[in-house]
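In: just coords:
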């Protein structure tokens, strides 16, 4: 995997250099795969619009090199610790949804989000025995719904 991380780092830095961005990527390996940490004066540009550019670069790298990674691993791009902060935010949103569903008995439906973000919420609520999470919708409009689990007594 070292070679994949190295190639990903080189491609990403080449893109940044060609675009004139004042940022630099450095690769490291983790349990999740190859993590590219991006730092520099222009890192905020990657995080505009909810990290769209960061996500797009990550998608490009996974298309180019991701299939050569071991199963279950991927290439992750992160700038200014955005991914960890977003994951904490998603976990807090999951807790809020759980409280809402329990207090109102009504389903809670999140807005459209990508699969990796839905997964964080699914996993956050997986141990909640009274709740069920499910992805609904198609394509870019896919959402996550949290509902009370139906019991056989109902």
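Out: All right, it came through fine. Note that the coordinates shown come from a computational prediction; the quantities given were computed from them, not determined experimentally.

In: going forward, measure contacts and count neighbours with C-alpha atoms only.
Out: Will do.

In: and the chain, what are its domains?
Out: 2-80, 85-148 (automatic domain parsing).

In: can you pull the contacts of the closest residue to residue 16 other than its chain neighbours?
Out: Take residue 16 and drop its neighbours on the chain: the residue closest to it by Cα to Cα, 6 or more residues apart in numbering is residue 23, 6.7 Å away. Taking Cα atoms under 8 Å, 6 or more residues apart in numbering as the criterion, residue 23 is in contact with 13, 16, 38-43.

In: what does residue 114 give?
Out: Counting by Cα under 8 Å, 6+ apart, residue 114 touches 140, 142.

In: and the gap between it and residue 124?
Out: 16 Å (Cα to Cα, to the nearest Å).

In: per-residue confidence at the residue sitting nearest the centre point of the chain?
Out: Against the mean C-alpha coordinate of the chain, by Cα atoms, centre = their mean, the closest residue is residue 116 at 4.1 Å. At residue 116, the model reports a pLDDT of 80.

In: so who does residue 102 touch?
Out: Applying Cα under 8 Å, 6+ apart, we find residue 102 in contact with residue 148.

In: Please report phi then psi for it.
Out: With angles defined as degrees, to the nearest 10, residue 102 sits at phi -70, psi -40.

In: Check what pLDDT it gets.
Out: 96.
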